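Q: Sequence below, structure please.
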Amino acid sequence: MSSERGLRIRGLRVSVAGNEILKGIDLDVEPGRVHALMGPNGSGKSTLAFALTGHPGYSVDGGSATLDGTDLLALAPDKRAKSGLFLSFQYPAAIPGVKVSNFLLATRNALKTDPLPPAKFRQLVFEKMDLLDMDTSFLGRYLNDGFSGGEKKRLEMLQLAVLAPKYAILDETDSGLDVDALRAVGESVGAMRDDASGKDTGFLIITHYPRILQHIAPDVVHVMLDGRIVTSGDAHLAQTIEREGYDTIREAQSANA
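A: Predicted coordinates for the structure are as follows:
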């Protein structure tokens, strides 16, 4: 095991039902930095997220992925989470009958080596809800049951704050959100980055629209087309995509082929 920190992906190839989706991905996400992965629908962005977190429907055909030197692909999905990898889903599932407070306590104690008694856990949750400007009434509701799209994403931000993972993948977090909800999610991520417990978290924000990046300033922007990362740059790259779409990048790649 290497001592090198980072979520490091090399030559990753992934297929679904025999169809190759990822065709050799190279990507590094460093602690404390925000990487945005952009691309049109069907380019393979969510495939990367699910493959890294161990979804059984995604077959890794080649390449490697390490988390702070640990071979991520050799671990079962629950062990990947315990190693410090977090995935925010595009469409979080509702679980009627399971209270948010009980879910957060069970999840936090399952993933951490220092289980908290209920009183200390309650203190932790209230601190994070205050940080994220969330109403404590969330805790008594059933998990995502009857939640609006914005409420589901706010709850995922609370999970992220409570679990304080090493690396967080936010898969299409902006999907279906109105302007106010999008701003709230962006402010939540910003607050976590400024908080002592989250300042070393590395973020991989997956999106096909650049609007969420108006609220979460990325350090690096990557563009994925047809299962490959074809170019990378700073935040200006997202602004270019906003103005011109992905066709300009496709044309540039074709000209250089």
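
Q: so what's the backbone phi/psi at P31?
A: Backbone torsions of P31, given as degrees, to the nearest 10, read phi -60, psi 140.

Q: Please verify my assumption that it contacts R193.
A: No - using Cβ atoms under 8 Å, P31 is not in contact with R193, being 11.5 Å away. C-betas here are computed from N, CA, C, even on glycine.

Q: And those two? Which one has more around it.
A: Neighbours were counted for P31 and for R193 using other Cβ atoms under 10 Å; R193 has more, 17 against 14.

Q: Could you tell me which ranges of this structure sit under the pLDDT cut-off?
A: 1-3, 176, 198, 257 (pLDDT under 70).

Q: which residues are common contacts for P31 and R193?
A: T201 (Cβ atoms under 8 Å, 6 or more residues apart in numbering).

Q: quick one: H55 is in a helix?
A: No - with DSSP: H, G, I helix; E, B strand; the rest coil as the criterion, H55 is located in coil rather than a helix.

Q: Setting aside sequence neighbours, what's the nearest residue to it?
A: Counting by Cβ to Cβ, 6 or more residues apart in numbering, the nearest residue to H55 once its immediate chain neighbours are dropped is P77, at 7.5 Å.

Q: Could you tell me how far the one you found is located from L143?
A: Here the criterion is Cβ to Cβ, to the nearest Å. By it, P77 lies 19 Å from L143.

Q: Tell me which of the two has more neighbours.
A: Between P77 and L143, counted using other Cβ under 10 Å, the more crowded position is L143 (20 against 13).

Q: so that one touches F103, yeah?
A: Yes - assessed by Cβ under 8 Å, L143 is found in contact with F103 at 5.1 Å.

Q: Name the residues contacting each of the two.
A: I95.

Q: which residues touch A184?
A: Shown in contact with A184 (Cβ under 8 Å, 6+ apart): 133, 150, 154.

Q: one more time with 7 Å, if that's ok
A: 150, 154 (Cβ atoms under 7 Å, 6 or more residues apart in numbering).

Q: element containing it?
A: helix 179-194 (DSSP states H and E).

Q: In terms of helices and strands, where is the nearest residue to T248 once chain neighbours are set aside?
A: Among residues not flanking T248 along the chain, T240 sits closest, at 7.2 Å (Cβ to Cβ, 6+ apart). For T240, the host element (DSSP H and E) is helix 235-244.

Q: elements contacting the helix or strand just after that helix?
A: Counting by DSSP H and E, the next helix or strand C-terminal to helix 235-244 is helix 247-256. Taking 3 or more Cβ pairs under 7 Å, 6 or more residues apart in numbering; DSSP states H and E as contact, the helices and strands that helix 247-256 lies on are strand 220-225, strand 228-233.
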